[in-house]
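1. Model the following, please.
(one chain, ligands or ions: 1)
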Amino acid sequence: MALRAVRSLAILSNPLRTYSTSGPLVNVSINEKTGIATATLQRPPVNSLNLELLTELCTTLEQLEKNKSRGLILTSSSNTVFSAGLDIYEMYKPNMDRYKQFWTTLQQTWINLYGSSYPTVAVVNGHAPAGGCLLALSCEYRIMLNNFTIGLNETKLGMIAPTWFAASMRNAIGTRQTELALITGNLFTTDEALKIGLVDEVVQSKNEALEKAGKFFDKFKRIPPHARTMTKTSLRGADIQALVKSRNEEMNKLTAFINDPKLQEAIGMYLESLKQKQNK
Ligand SMILES: CC/C=C\C/C=C\C/C=C\CC/C=C/CC(=O)SCCNC(=O)CCNC(=O)[C@H](O)C(C)(C)COP(=O)(O)OP(=O)(O)OC[C@H]1O[C@@H](n2cnc3c(N)ncnc32)[C@H](O)[C@@H]1OP(=O)(O)O
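-> Numbers count the residues shown, from 1 in each chain. Next comes the predicted model:
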């Protein structure tokens, strides 16, 4: 797996070729004509974000930044799930060293994606609960296919969405709607999400979404990149700095939190309920 990752990165760092690298968990392809990268999450069945997937995504984002990418489309290889959010098994009876690495990588992935200098579009071609919604919110523009759900549903699981999850949502839909969404842990239908501005466009197919994404990137053809980037930083930078400052403190709190026997019991029951659902 390590060898494949190294080879993928070597190819990624050649900006002159059209290439498609198929890492085990994130497929990256770059359109030769436009320079736009597409990163496709491919961890069946539901693209739950475990340490390995996050590590690949985080590295891909770093590499795109280094290569001054023209833009990124983030999407999923599944037809029904964009991402099921954090892999709950990373939080269930965790090995603490791995858990710390997992959370640090999640923080860094958000910092890289939310603060990228290149434009980003999420093609949300399936359900996007919790961490899946966070990934979409970290992009600048969200195009969602019909008949799915999206939202930060952590309270429904007895959890609290971290402040930077909330900040990402607040930046998209405002404080009032964010408060309502978070306290109720609501998962919005595609149409509801469009209505409150949680997504920007609703489409019927992935092809249509990709076309619309192209139109979004076209908007930047005549905009000096530094002006674009500095504007984005002026709007998102404070939230990123807040996490950079507090990431160790957050880790300490989460470490204590995750070991609470009541929480572990609740997570075990939640996992069981997901399995039961499949047996119905
Ligand atoms: C519960 C959180 C616990 C603790 C956190 C502790 C500390 C941290 C503190 C604060 C931070 C909290 C932040 C959390 C952010 C998150 O992202 S938590 C994850 C929340 N995600 C969900 O609740 C989604 C659950 N999944 C679904 O609703 C559905 O699976 C989905 C609509 C995405 C797709 O439905 P469907 O296509 O019908 O698939 P199945 O439900 O049948 O699932 C297929 C198999 O995948 C397993 N699975 C589903 N989601 C996850 C997941 N997030 N992690 C791991 N595994 C998952 C599911 O069990 C099935 O497995 P099986 O085939 O039965 O083995």
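2. Quick check: the residue in the chain positioned nearest to the ligand vs residue 29, distance?
-> The minimum distance from the chain to the ligand, using C-beta to the nearest ligand atom, falls at residue 85 (2.6 Å). In short, each C-beta sits where N, CA and C put it, glycine included. Separation of residue 85 from residue 29 (C-beta to C-beta, to the nearest Å): 25 Å.
3. who has more neighbours, these two?
-> Comparing residue 85 with residue 29 by other C-beta atoms under 10 Å, the one with more neighbours is residue 85, at 24 against 16.
4. mind listing what residue 166 touches?
-> Residues near residue 166 by C-beta atoms under 8 Å, 6 or more residues apart in numbering: 152, 178, 182.
5. again but with residue 58, I slipped
-> Contacts of residue 58 (C-beta under 8 Å, 6+ apart): 105, 108, 109, 112.
6. Touching, residue 31 and residue 71? I think so.
-> No - counting by C-beta atoms under 8 Å, residue 31 sits too far from residue 71 to count as a contact (9.4 Å).
7. Between the two, point out the one with more neighbours.
-> Legend: neighbour count by other C-beta under 10 Å for residue 31 and residue 71, higher for residue 71 (22 against 16).
8. so what sits against both of residue 31 and residue 71?
-> With C-beta under 8 Å, 6+ apart as the test, residue 31 and residue 71 both reach residue 37.
9. and residue 94, how many neighbours does it have?
-> Counted with other C-beta under 10 Å, residue 94 comes out at 18.
10. how close does it sit to residue 154?
-> Taking C-beta to C-beta, one finds residue 94 at 17 Å from residue 154.
11. One more: residue 140?
-> 23 Å.
12. wait, what's in contact with the spatially most central residue of the chain?
-> In the chain, the residue lying closest to the centroid (C-alpha atoms, centre = their mean) is residue 135, at 1.6 Å. Counting by C-beta under 8 Å, 6+ apart, residue 135 touches 49, 74, 82, 83, 113, 122, 128.
13. For the stretch 101-250 of the chain, what lies in contact range of the ligand?
-> 127, 129, 130, 131, 154, 157, 159, 162 (C-beta under 6 Å from any ligand atom).
14. Kindly recompute the last result at 8 Å.
-> 103, 126-127, 129-132, 134, 149, 152-154, 156-162, 165 (C-beta under 8 Å from any ligand atom).
15. Make a ChimeraX selection of the buried ones in the residues you listed.
-> Listed next is the ChimeraX selection for buried residues among those, using 16 or more other C-beta atoms under 10 Å:
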select :103,126,127,129,130,131,132,134,149,152,153,154,159,161,162,165
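16. where along the protein do the helices fall?
-> 2-12, 51-66, 96-114, 131-138, 163-173, 175-184, 190-196, 206-218, 225-258, 261-279 (DSSP state H).
17. remind me which residues of the stretch 101-250 of the chain are low pLDDT?
-> Counting by pLDDT under 70, the stretch 101-250 of the chain contains no low-confidence residues.
18. separation between residue 168 and residue 139?
-> 10 Å.
19. picking that back up, let's see if you can find the most crowded of the contacts of residue 135.
-> Ranking the contacts of residue 135 using other C-beta under 10 Å puts residue 128 first, with 33 neighbours.
20. need the contact list for it.
-> 82, 83, 85, 135, 136, 144, 148, 149, 150, 151.
21. quick one, phi/psi of the second one?
-> Dihedral pair for residue 83: phi -160, psi 140, per degrees, to the nearest 10.
22. which ones are touching it?
-> By C-beta under 8 Å, 6+ apart, the neighbours of residue 83 are 41, 46, 47, 48, 49, 76, 128, 131, 132, 135.
23. can you pull up the bridge partners for the first one?
-> Pointing back at residue 41 there. For residue 41, the beta-bridge partners under DSSP bridges are residue 26, residue 76.
24. what's the answer for the fifth one, then?
-> Beta-bridge pairing for residue 49 (DSSP bridges): residue 86.
25. my guess is it meets residue 86, correct?
-> Yes - with contact defined as C-beta under 8 Å, residue 49 and residue 86 form a contacting pair (5.2 Å).
26. overlap in contacts of the two?
-> Any residue near both residue 49 and residue 86 by C-beta under 8 Å, 6+ apart counts here, and that gives 106, 131.
27. quick one: contacts for residue 45?
-> Residue 45 neighbours (C-beta under 8 Å, 6+ apart): 78, 81.
28. Could you report the separation of residue 44 from residue 83?
-> Relative to residue 83, and taking C-beta to C-beta, residue 44 is found at 12 Å.
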